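>>> Fold the following for me, if possible:
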Amino acid sequence: MSKFFKTLFPAAVLSTAALAAQPALAEVELNFYTGYQTSPHSRVTGTRGASSGSTPFNNLIGWEGKSFELPAYYGARATWWQPSNIGFGLEFSHEKAYAPAGDMPAGFSRLEFTDGLNIITANVSRRWPGMWGERVTPYVSGGVGIAMPHVDVTEGTNRTFGYQVTGPAVRLSAGAKYAINEDWSVFGEYQFTWSENTADLAGGGTLNTRIVTNAVNVGVGFSF
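Residues are numbered from 1 along each chain as shown. The predicted model follows:
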């Protein structure tokens, strides 16, 4: 694993552990969202398995998100808000990245993270109640954690199909929520994720790629 991962992962663990120490009177907010998610080009490098000669590959991939095709893009988070309007939380997002056929390395017939380029982070958030009126609350959030994608790669006769922890991840969000009543709200936000992914391929190969996503999310929140 990279030095960056070794630095980020303990930080995520410590942030998560801090949640258990929050006061019992802290407000808990649950958010569920979907939206439109894209991913810009990134380079895929690695080595084919021994059955394919262990030869290297290096390709620029124009990832496709296909947010509304099943399994659809979605996410969920829990935030423990303090009286200071600082929040600590956990977030999961089920993102997607398809490699177009024309961009894949020679010999590959499938290269996808589509049953989830799953990003799991421990977050710290800040909100500003009353800044934009009684019902509208802007907020920002940032987190560190891990990528755990479902790696779906077919290279020759080798099929890689399963979940792997592939490296560190970072998440940044900014948005605003509108309070419907004391408990329920709706929100919209922009969200950015970055993940460094090193996956093991069937047949002994490896695949490395850095994936960035951009998403415009809409969702519903419940506080208690």
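
>>> so where's this structure uncertain?
1-25, 51-52 (pLDDT under 70).

>>> So which residues of this structure form strands?
27-38, 42-47, 56-61, 74-81, 86-98, 108-127, 136-147, 150-155, 158-163, 167-179, 184-200, 206-223 (DSSP state E).

>>> These: which one's closest to residue 67?
strand 27-38 (4.8 Å; C-beta to C-beta). Every residue, glycine included, has its C-beta placed from N, CA and C.

>>> Hey, what's the angle from that closest one to strand 108-127? Just curious.
Orientation note: strand 27-38 sits at an angle of 140 degrees relative to strand 108-127 (axes from the mean of the first three to the mean of the last three C-alpha atoms, to 10 degrees).

>>> Show me which residues of strand 27-38 are buried.
Neighbour counts using 16 or more other C-beta atoms under 10 Å place 29, 31, 33, 34, 35, 37, 38 of strand 27-38 among the buried residues.

>>> ok, those vs residue 131, which is closest?
Nearest to residue 131 among the buried residues of strand 27-38, counting by C-beta to C-beta, is residue 29 at 17.2 Å.

>>> There's contact between that closest one and residue 79 in this structure, I believe.
Yes - counting by C-beta atoms under 8 Å, residue 29 does reach residue 79; the two are 4.7 Å apart.

>>> Let me have the buried residues of strand 27-38 in CSV, extended by distance to residue 190.
Formatted as CSV, these follow (distance: C-beta to C-beta, whole Å):
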residue, distance to residue 190
29, 19
31, 14
33, 12
34, 14
35, 9
37, 11
38, 12
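
>>> between the residues you listed, which is nearest residue 183?
residue 29 (9.9 Å).

>>> so what's the closest one bridging to?
When assigned by DSSP bridges, residue 29 has beta-bridge partners residue 79, residue 223.

>>> do you know how far the residue located most distally from the centre of the chain is from residue 202?
Using C-alpha atoms, centre = their mean, the residue of the chain lying farthest from its centre is residue 53. It sits 33.5 Å away. Here residue 53 is placed at a distance of 15 Å from residue 202 (C-beta to C-beta, to the nearest Å).

>>> I'm done for today, thanks for sticking with me.
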